[in-house]
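1. build me a structure from this.
(one chain, ligands or ions: 3)
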Amino acid sequence: MEVRAAADKFEARAWKLQCKAPAPATSVIVTLKPSAPSPISAPLRELPWAPGGLNFLHTTDTHGWHGGHLQEAQYSADWGDYISFAHHLRQRADDDGSDLLLVDTGDRVEGNGLYDASDPKGRYTFDIFKQQRMDVITPGNHELYLANTSRREYDEVVPDFRDAYIASNLDLYNLKSGKYEAFAPRYRKFTTKNRGVRVLAFGFMFNFHGNANNTFVQPVQDTIKEQWFQDALRTKDVDLFLVAGHVPVRDSQEYDLIYRAIRDVVWDTPIVFFGGHTHIRDFRKFEKKAYGIESGRYMETLGFLSISGVAGSKNGVMAASSPEFKRSYIDNNLYSMHHHSGTNSSSFSTEVGRNVSESIHAARKAMKLDHTFGCAPQDYWLNRAAYPSNSSLLSLLETQVLPDTFRHLKNASIVITNSGAIRFDIFKGPFTTDTTFLVSPFTSGFRMLRNVPYKAASQVLQLLNNEGQIALEDLVDGSVRTKDLMPPLPPVSLRNLQDVNVFEGQQVIGDKPTVPGYTTIDDAGSDGDDTIHQRIQFYDVPNVIGVDVGFSSDEKPETVDLVYNEFIQDWVLVALQYLGKKYGKEDTEEALDGKTMTDVISGWVGEHWECG
Ligand SMILES: Nc1ccn([C@@H]2O[C@H](COP(=O)(O)O)[C@@H](O)[C@H]2O)c(=O)n1
Ligand SMILES: [Zn+2]
Ligand SMILES: [Zn+2]
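-> Numbers count the residues shown, from 1 in each chain. Ligands and ions are numbered 1, 2, ... in the order given. A predicted model of the protein is given here:
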């Protein structure tokens, strides 16, 4: 109780300071939700709110984690809490004459039991998600891998966000007309409530090729030549161009092209980009009037961006010659939310927010997401431990899960899987139905090619991991991006990698140790994370891992069966072709009776990890 009272007092004081420049970090320990595993210590930076300007909250790549992280206190707020948080910030905007806009840039599905465990998938999440009012929302590649996913997105999510859903370069096949037709409106023009800022918004998908054939993603270089796009750029009275998309803000040909296309027509109207897909926190300066933010992954981060000095038609505000863009990456927990909204545990939750949190709990219960298959004896990390090592999840797969699972194969075999099929860490303790989907949610199974000459089969893994990438891209004539084979980047910009190991000594701010987390360095510097974290070291992992089954390392069988995760089939075939062995899809067959990686892992855990 004492801690709670101190925290509330601290929050009230901090609220008054919020209009000032970012204050020095202060620290307090507060207990989060009852479900959160432990109290966290949280030295915070203030939000760079723009009084009288434009303020944005941004989510991306939530991948079904709308129930928050149950095993990590610092990311434990849920979608209901986000609804309450947005309510308070909207109120603040109304009070100080600014505006708050909400943006989501796709990959809302696949990656968490809340979405993946129901039949059909998303049975509960769509109703939960739609309770948050959005101003701009776009699809991601995960909305498009499977025909029934994009169909449900079109049938349910697009109507849920009728005014806000934008699909500038995405079509859906219409069975009735026999034609591909716009998935949602191509762009939207709207005027903000308080400042009267006239916004022209687009919503883009990166040049994705892995979609099911009921959708068509028009390459961005073609979309920007379309008449409708060129006409839209010439719309009169636009104060701000807003480009939302499932596109990385940095090193992306797509956003560079869009930026250039806008600037070719309007030379100095401010542009703001909202991006996603690479699962990182990032903020990029295109030029002094054009910036872009990317807001992480898995409901760990609520991105915040503000623009002051942008013109508005209300209150006679003139455009500043240089509008100011600022950003913050909010750790998704109640402590941060209370602090930034000037509320406390009794004043924070709104009725809608509370109801949504309750719906999340009810959905989790209905799907029995806490059903336990076994108990992990230790933590296994995807990127937070070196590969190979005893703490590496990929090493666990390679040394135990895959050999045990494929032991029954009659012939000598090589089994390979893409590391991208593994999405999240395993924490010590109960391994539940939910965990199976956190670790690997995909419905793609395993396939095999029989009797492949060993010499070729044994080189496929190396080719997919190394020098083969460029050659493979050439071979497939640009129709497949090798980027799609790459695992998602670690959840911080690679530029953030530092040789600090969180387990070796603790950083202390004030008198409190900080929690391990993101320490983002972006184009605005190193003060973007709202919570001052102790740096975590992230490690690179290979694109694919593999095991030999049914023969020992000193043997060289003449032929092997080559078993692989279905997702990488195109690359496996291209690699073999590159190695002089031509196979087609017709030569492949199902392996492991249609079991998916999700089945493989949960089955293995059930057999090997007892709860003590
Ligand atoms: N059936 C699938 C689908 C996707 N993947 C992996 O996911 C990556 C894309 O995820 P983002 O969240 O970054 O869009 C993709 O590159 C694959 O690694 C998969 O393994 N199986
Ligand atoms: Zn994603
Ligand atoms: Zn994506």
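
2. show me where pLDDT drops low in the stretch 201-350 of the chain?
-> Low-confidence segments of the stretch 201-350 of the chain, defined by pLDDT under 70, are located at 315-317.

3. count of residues packed around the residue of it found nearest ligand 1?
-> Evaluated by Cβ to the nearest ligand atom, the stretch 201-350 of the chain has His277 as its residue closest to ligand 1, separated by 5.3 Å. For every residue, glycine as well, the C-beta is placed using N, CA and C. Here the count is done by other Cβ atoms under 10 Å, and His277 has 27 residues near it.

4. now do the SS call for it.
-> In the three-state summary, His277 is assigned as coil, counting by DSSP: H, G, I helix; E, B strand; the rest coil.

5. doesn't Arg250 make contact with it?
-> No - in terms of Cβ atoms under 8 Å, His277 does not count as a neighbour of Arg250; the distance is 11.2 Å.

6. the one helix or strand Val199 maps to - contacts with which helices or strands?
-> Using DSSP states H and E, Val199 falls within strand 198-205. Applying 3 or more Cβ pairs under 8 Å, 6 or more residues apart in numbering; DSSP states H and E, we find strand 198-205 packed against strand 136-137, strand 187-191, helix 227-233, strand 240-246, helix 253-265.

7. for that strand, which strands pair with it and how are they oriented?
-> Each strand paired with strand 198-205, and its direction, by DSSP bridges: strand 187-191 (antiparallel), strand 240-246 (parallel).

8. most neighbours per residue, which of those strands?
-> For the strands paired with strand 198-205, ranked by mean neighbour count under the definition mean count of other Cβ atoms under 10 Å, the leader is strand 240-246 at a mean of 28.

9. for His277 and Arg250, list the residues in contact with both.
-> Counting by Cβ atoms under 8 Å, 6 or more residues apart in numbering, His277 and Arg250 have no common neighbour.

10. using TSV, lay out the strands paired with strand 198-205 together with distance to ligand 3.
-> What follows is these, written out as TSV (distance: least, Cβ to the ion, whole Å):
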stretch	distance to ligand 3
strand 187-191	21
strand 240-246	6
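
11. and the residue of the protein that's closest to ligand 1?
-> Distance from ligand 1 to each residue of the chain (Cβ to the nearest ligand atom) is smallest for Gly420, at 1.9 Å.

12. assign that residue to helix, strand or coil.
-> Remark: Gly420 carries the secondary structure label helix [criterion: three-state DSSP].

13. pretty sure it sits against Val541.
-> No - at 9.3 Å, Gly420 does not count as touching Val541 under the criterion of Cβ under 8 Å.

14. the more surrounded of those two?
-> Set Gly420 next to Val541 and count neighbours by other Cβ under 10 Å: Val541 wins out with 23 against 19.

15. that one and Ser444, how far apart?
-> Counting by Cβ to Cβ, to the nearest Å, the gap between Val541 and Ser444 amounts to 19 Å.

16. mind listing the strands for the stretch 1-150 of the chain?
-> Secondary structure of the stretch 1-150 of the chain (DSSP state E, counting those that start in this stretch): strands located at 29-30, 40-41, 54-59, 99-104, 136-137.

17. now those as a markdown table including distance to Lys289 and mean neighbour count?
-> Putting the strands of the stretch 1-150 of the chain into a markdown table (distance: least, Cβ to Cβ, whole Å; neighbours: other Cβ atoms under 10 Å) gives the following:
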| stretch | distance to Lys289 | mean neighbour count |
| --- | --- | --- |
| strand 29-30 | 39 | 18 |
| strand 40-41 | 38 | 22 |
| strand 54-59 | 13 | 26 |
| strand 99-104 | 18 | 25 |
| strand 136-137 | 19 | 26 |
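
18. which of those has the lowest mean pLDDT?
-> When those are compared by mean pLDDT, strand 29-30 comes last with a mean of 34.

19. can you give the distance of stretch 100-111 from its chain's centre?
-> The chain centroid and the centroid of stretch 100-111 are separated by 8 Å, computed with Cα atoms, centre = their mean, to the nearest Å.

20. what do you get for stretch 386-404?
-> In terms of Cα atoms, centre = their mean, the gap separating the centre of stretch 386-404 from the centre of its chain is 24 Å.

21. what about it, near ligand 1?
-> No - if you take Cβ under 6 Å from any ligand atom as the test, stretch 386-404 misses ligand 1, and the best it gets is 12.9 Å.

22. coming back round to it: got CSV for the helices and strands packed on strand 198-205, with distance to ligand 1 too?
-> Below are the helices and strands packed on strand 198-205 laid out as CSV (distance: least, Cβ to the nearest ligand atom, whole Å):
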stretch, distance to ligand 1
strand 136-137, 16
strand 187-191, 23
helix 227-233, 24
strand 240-246, 8
helix 253-265, 14
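
23. could you dump these into TSV with distance to Phe427 added?
-> Rendered in TSV, the data for these read as follows (distance: least, Cβ to Cβ, whole Å):
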stretch	distance to Phe427
strand 136-137	31
strand 187-191	41
helix 227-233	46
strand 240-246	28
helix 253-265	35
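
24. out of these, which comes closest to Cys375?
-> Evaluated with Cβ to Cβ, these place strand 240-246 nearest to Cys375, the distance being 36.3 Å.

25. now the closest one: how far from the chain's centre is it?
-> Using Cα atoms, centre = their mean, the distance from the centre of strand 240-246 to the centre of the chain it belongs to is 17 Å.

26. and if you look at stretch 597-612?
-> 26 Å.

27. same deal with stretch 521-533?
-> Between the mean C-alpha location of stretch 521-533 and the chain-wide mean there is a distance of 19 Å, by Cα atoms, centre = their mean.

28. which other residues reach that stretch?
-> Residues from elsewhere that reach stretch 521-533 (Cβ under 8 Å, 6+ apart): 22, 25, 42-45, 47, 74, 281-285, 291, 304, 326-331, 336, 340, 493, 495-496, 509, 514-520.

29. same question for stretch 543-555.
-> Defining contact as Cβ under 8 Å, 6+ apart, one finds that stretch 543-555 is touched by 394, 397-398, 402-403, 406-407, 409-420, 461, 464-465, 485-487, 557, 560, 568.

30. and the chain, what are its domains?
-> Dividing the chain into domains by automatic domain parsing, as the record does, gives the ranges 2-21+51-366, 375-490+539-608.

31. number of residues surrounding Asp251?
-> The burial count for Asp251: 10, using other Cβ under 10 Å.

32. cool, and Asp530?
-> Other residues within reach of Asp530 by the criterion other Cβ under 10 Å amount to 25.

33. going forward, the N-terminal residue is numbered 4.
-> With 4 as the first residue, the last one maps to Asp533.

34. could you measure from it over to Phe307?
-> Taking Cβ to Cβ, one finds Asp533 at 8 Å from Phe307.

35. who touches both of those two?
-> Going by Cβ under 8 Å, 6+ apart, residues that sit against Asp533 and also against Phe307 are Leu50, Ser331, Tyr332, Ile333.

36. show me what contacts the last one?
-> Applying Cβ under 8 Å, 6+ apart, one finds that Ile333 lies in contact with Leu50, Thr304, Leu305, Gly306, Phe307, Ser339, Met340, His343, Asp533.

37. ok, the residue nearest to Val359 when sequence neighbours are not counted to ligand 3 distance?
-> Closest residue to Val359 in three dimensions, ignoring its sequence neighbours and counting by Cβ to Cβ, 6 or more residues apart in numbering: Gly83, at 3.4 Å. Taking Cβ to the ion, to the nearest Å as the measure, Gly83 and ligand 3 are separated by 25 Å.

38. no more questions from me, cheers.
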